[in-house]
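**Q** Here is my input; please provide its structure:
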Amino acid sequence: MSFFKHWFQSKKIKPTERSENLAVNTGTYVTSSDLIGLQQQARKLDLGRRSYASASTTGSHRSRFRGRGMDYQESRLYQAGDDIRNMDWRVTARSGKPHTKLYQEERERPVVLLVDFNQGMFFGSVNALKSVVAAKTAALIAWAVACRGDRIGALLITEGDENQTHRELPPKMGKRGALQLIRELVIHSNPQKAMHSTSHHTSLNDQLKRLRHLAHPGTLVFLISDFYNIDAETAQHLQRLSRHNDIQAIQIVDPLEMTPPPPERYGVSDGNNTGILDTRSKRGRKRYQQFFNQHHQTVTELMKRHNIPLMQISTADDVLLTLQQSFGNTTRRASVASRAA
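**A** The predicted structure follows:
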């Protein structure tokens, strides 16, 4: 991102420093115990619950997502109340009696997360770094997937040596899949690792291309990023990916990307170069606001063009509560509402 790359630079912490206070700061680092501790909270999420359906639904996934899928099992005589859309017209014509098809829901549906840890994600003005929010978001989704008995895999993006810019995790079942992801989230979300990386640029498009090979048809895909590296080529990858998969985009943002800071001169750095951000003038504040407004609009339009739901999670937000707004357990919400009434 143009203005902010490293929280440590703004705090004047040298790359080699890691004080005891910093090491235990949960807004800066995540630990395995932190992410494993989210397992119970993830039970409040239901990844099959999205109300704005734009595709047919089957099985237990009552949502815009296609669902796990259904396998044809057999045909039987039509009974009152059967869905006419499941009529088996061939058997009906051959036997002279109305028959309907029966389907068996597939046992599991893989879920794959793309988690972007580019250097711009290691920034946060309140509560936590964007990298921490991304890691917690991914862990909560992983545990929610594990609770459903589905497989969870991931593609993690980072910046560094050319051969170390991504980590692929093939989908694994349940708790094993969640734990393998957590181990990698702790490593890749470490800000010290990011600050010691080389300047090799990680292309989001290259990783989306890899994702198309990792996410087999029927996979539910979550894209977790700040989406600053998108362009015209990104649209092509999303179009191809969405042909056979359902996608949910989660944009990680910071309050300073929504509203300019108080009028002042601020020292900023991208990790290599330094500069001054001056928001004292109306012109400076206007340019600041226009830059971020344009970015958010570009991300929104890109996802809308490909019918990809987009949600934002801020570094000022409670990650679980924000996810619950879209993936909350509706049964639990109904129970709470009835008790309140």
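**Q** Give me the helices and strands touching the strand or helix carrying residue 141, please.
**A** Per DSSP states H and E: residue 141 is located in helix 130-148. Other elements packing on helix 130-148 under the criterion 3 or more Cβ pairs under 8 Å, 6 or more residues apart in numbering; DSSP states H and E are helix 32-36, strand 111-116, strand 151-157, helix 174-188, strand 220-225, strand 246-253, strand 310-314, helix 319-327. Heads up, the C-betas are built off the backbone N, CA and C, glycines and all.
**Q** In a markdown table, list these along with mean pLDDT, distance to residue 284 and mean neighbour count.
**A** Formatted as a markdown table, the helices and strands packed on helix 130-148 follow (pLDDT from 0 to 100; distance: least, Cβ to Cβ, whole Å; neighbours: other Cβ atoms under 10 Å):
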| stretch | mean pLDDT | distance to residue 284 | mean neighbour count |
| --- | --- | --- | --- |
| helix 32-36 | 95 | 38 | 15 |
| strand 111-116 | 96 | 29 | 26 |
| strand 151-157 | 95 | 32 | 24 |
| helix 174-188 | 95 | 35 | 20 |
| strand 220-225 | 96 | 28 | 25 |
| strand 246-253 | 96 | 21 | 23 |
| strand 310-314 | 97 | 23 | 18 |
| helix 319-327 | 93 | 31 | 17 |
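**Q** what's the closest of these to residue 43?
**A** Residue 43 sits nearest to helix 319-327 of all the helices and strands packed on helix 130-148, at 10.7 Å, using Cβ to Cβ.
**Q** circling back: what's the angle from the helix holding residue 141 to strand 111-116?
**A** Helix 130-148 and strand 111-116 meet at an angle of 170 degrees, taking axes from the mean of the first three to the mean of the last three Cα atoms, to 10 degrees as the criterion.
**Q** Quick check: residue 305 vs residue 311, distance?
**A** To residue 311, residue 305 is 17 Å away according to Cβ to Cβ, to the nearest Å.
**Q** Any idea what the one residue sitting closest to the centre of the chain is bridged to?
**A** The centroid of the chain falls nearest to residue 224 when counting by Cα atoms, centre = their mean (3.3 Å). Judged by DSSP bridges, the bridge partners of residue 224 are residue 115, residue 250.
**Q** And the helix holding residue 141, what's buried?
**A** Applying a neighbour-count criterion of 16 or more other Cβ atoms under 10 Å, one finds 130-148 buried in helix 130-148.
**Q** Also stretch 109-128?
**A** 109-125, 127-128.
**Q** What of stretch 278-297?
**A** 279, 285, 288, 292, 295-296.
**Q** how close does residue 148 get to residue 297?
**A** Relative to residue 297, and taking Cβ to Cβ, residue 148 is found at 35 Å.
**Q** actually residue 253, not the one I wrote
**A** 13 Å.
**Q** With residue 41 instead?
**A** From residue 41 over to residue 297 (counting by Cβ to Cβ), the distance is 33 Å.
**Q** related to what we said a few turns ago, so the helix holding residue 141 versus strand 310-314, what angle?
**A** Using the same axes, to 10 degrees, helix 130-148 lies at 120 degrees relative to strand 310-314.
**Q** State the mean pLDDT of helix 130-148.
**A** Helix 130-148 shows a mean pLDDT of 96.
**Q** so where do the helices sit in the stretch 201-341 of the chain?
**A** 204-214, 232-244, 282-305, 319-327, 330-340 (DSSP state H, counting those that start in this stretch).
**Q** centre of the chain versus the fourth one, how much separation?
**A** Right, the one you point to is helix 319-327. 12 Å (Cα atoms, centre = their mean, to the nearest Å).
**Q** Kindly calculate the angle that it makes with helix 130-148.
**A** Going by the same axes, to 10 degrees, helix 319-327 makes 60 degrees with helix 130-148.
**Q** what's helix 319-327 packed up against?
**A** helix 130-148, strand 310-314.
**Q** how about JSON lines for the ones you listed, with distance to residue 90 added?
**A** Formatted as JSON lines, those follow (distance: least, Cβ to Cβ, whole Å):
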{"stretch": "helix 130-148", "distance to residue 90": "35"}
{"stretch": "strand 310-314", "distance to residue 90": "42"}
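**Q** and the residue of the chain most remote from its centre, how far is that from residue 77?
**A** What lies farthest from the middle of the chain is residue 96; by Cα atoms, centre = their mean that is 51.0 Å. Remark: distance between residue 96 and residue 77 (Cβ to Cβ) = 11 Å.
**Q** cool, residue 150 as well?
**A** Using Cβ to Cβ, we find residue 150 at a distance of 34 Å from residue 77.
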